[in-house]
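Trainee: Structure for the following, please:
(one chain, ligands or ions: 1)
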Amino acid sequence: MAEVKIESVTKLFGEVKAVNAFSALIRNGEFLSILGPSGCGKTTMLRMIAGFEKANSGEIYIGDHLVSSPEKKIFAPPEKRNIGMVFQSYAVWPHMSVFDNVAYPLKIKGIAKDIIREKTLQALDMVHLDGYADRLPSQLSGGQQQRVALARALVSEPQLLLLDEPLSNLDAKLRESMRFEIKELQKKLNVTVVYVTHDQAEAMAMSDRIVVMHQGVIQQIGSPLEVYETPANRVIADFIGLVNFIDAEARQDTVHIPSLGLTLPSQHDFSGKAVAAIRPEYISLTQDEQAVQGTIVHKVYLGDAVDWRIDVNGAQIRVIDKAAALSQYSSGDRVGLEFKKVMVFPE
Ligand SMILES: Nc1ncnc2c1ncn2[C@@H]1O[C@H](COP(=O)(O)OP(=O)(O)OP(=O)(O)O)[C@@H](O)[C@H]1O
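Mentor: Alright, predicted model coming up:
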């Protein structure tokens, strides 16, 4: 395992600043995700850590080893960085058996045959593919193929594992179980992981910390809880989880929301025109007639919750109520809304 230090790394593609002054310290044994919408620069940043892409400026250290510094004219190629990598497409070689796929990184290093055999079988065992060594990739499911790629990335015991949307070709159920498998494996091997995804649920479920990117720029680095509960800005609040945005006015210790006729306590460091951001699960429905009143427009039963659209003075508010106490209500009914938490951003 290794610490990764990234200092003000910038990458240009012509006029496009794909990555803009990216800095982060990834700790030994940490699971760090880079999360953001398509085109925000996350793959480019990962490829620069791997050595598949050259930065225009800034420095990257893996452990004590300075692997990239255009200013100092230093650039270590991927094979000198001791990393394992798994990409979105399975990228296993179809004409090679599972064993040969996984053994390949050891073979090109010229390691003795019996050691290759031992380490390859160990890696297959780690990803629960013992017994599959002689199969061809075409005889495996998508999830199994991705495990072959994972075993191949781990077989040379890398100090750093880089994963680029490795689960996005799998179906929802498999994706969820693979999340746990990758996380378990990472804990067991204590390897540092950098994981690129646009799927916030995936990042939330696996990461120690998440770097949220937007248009090449880091917006926030924090634990899953921090980025969800205290997003640094409106873009993050919108990208991570669901949110209702409503025009508001920030006052000292409170926020006033004219369309709801409501003033709620709130912590913010500015006053004046603002946007109140309220997650659907921060609102519950009530029969209390003193509460803000609205009319049900739409109701979707989700099994473990009800997803409501409520019209309040012309604005549609989304409410996801787990308790679903009022699930007998339907379109056209009047209900009360209780607001448990509000986030406030400058307009
Ligand atoms: N080889 C390239 N040549 C020119 N532009 C590129 C190249 N690779 C990436 N870009 C541009 O750099 C920006 C960042 O791309 P990048 O692939 O890093 O984004 P991403 O966040 O990983 O997106 P996705 O989730 O869609 O893979 C985009 O505007 C993209 O068009």
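Trainee: how many neighbours does the residue nearest to T44 when sequence neighbours are not counted have?
Mentor: Distance criterion C-beta to C-beta, 6 or more residues apart in numbering; nearest residue to T44, sequence neighbours excluded, is A18 at 4.4 Å. All C-beta atoms are positioned from the backbone trio N, CA, C, and that covers glycine. As a burial measure, A18 scores 22 neighbours (other C-beta atoms under 10 Å).
Trainee: Would stretch 153-171 count as contacting the ligand?
Mentor: No - counting by C-beta under 6 Å from any ligand atom, the ligand is not contacted by stretch 153-171; separation bottoms out at 7.0 Å.
Trainee: Give me the distance from that stretch to the chain's centre.
Mentor: How far stretch 153-171 lies from its chain's middle: 14 Å, per C-alpha atoms, centre = their mean, to the nearest Å.
Trainee: Around the ligand, which positions in this structure sit nearby?
Mentor: Proximity of the chain to the ligand, by C-beta under 6 Å from any ligand atom, involves residues F13, V16, A18, G36, S38, G39, C40, G41, K42, T43, T44, H198.
Trainee: among those residues, which are in helices?
Mentor: K42, T43, T44 (DSSP state H).
Trainee: Surely the first one touches L35?
Mentor: Yes - K42 sits in contact with L35 when judged by C-beta atoms under 8 Å, with a separation of 7.3 Å.
Trainee: what touches both of those two?
Mentor: Both K42 and L35 are in contact with T197, H198, M213, where contact means C-beta atoms under 8 Å, 6 or more residues apart in numbering.
Trainee: which helix of the protein spans the most residues?
Mentor: The longest helix of the chain (DSSP H) is helix 172-189.
Trainee: Give me the buried positions along that one.
Mentor: For helix 172-189, the neighbour count (16 or more other C-beta atoms under 10 Å) marks L174, R175, M178, R179, E181, I182, K183, L185, Q186, L189 as buried.
Trainee: Let's test this: mean pLDDT of stretch 30-49, rounded?
Mentor: In this model, stretch 30-49 carries a mean pLDDT of 96.
Trainee: cool, and stretch 287-303?
Mentor: Rounded mean pLDDT across stretch 287-303 is 91.
Trainee: Let me know the helix or strand that D130 is in.
Mentor: Secondary structure from DSSP states H and E places D130 outside every helix and strand.
Trainee: contacting residues for it?
Mentor: Counting by C-beta under 8 Å, 6+ apart, D130 touches L121, L124.
Trainee: Against the ligand, how distant is it?
Mentor: Separation of D130 from the ligand (C-beta to the nearest ligand atom, to the nearest Å): 33 Å.
Trainee: and if you look at L225?
Mentor: Using C-beta to the nearest ligand atom, L225 is found at 24 Å from the ligand.
Trainee: cool, and L302?
Mentor: Noted for L302: a distance of 28 Å to the ligand, by C-beta to the nearest ligand atom.
Trainee: Over to I236?
Mentor: With C-beta to the nearest ligand atom as the criterion, I236 and the ligand are 15 Å apart.
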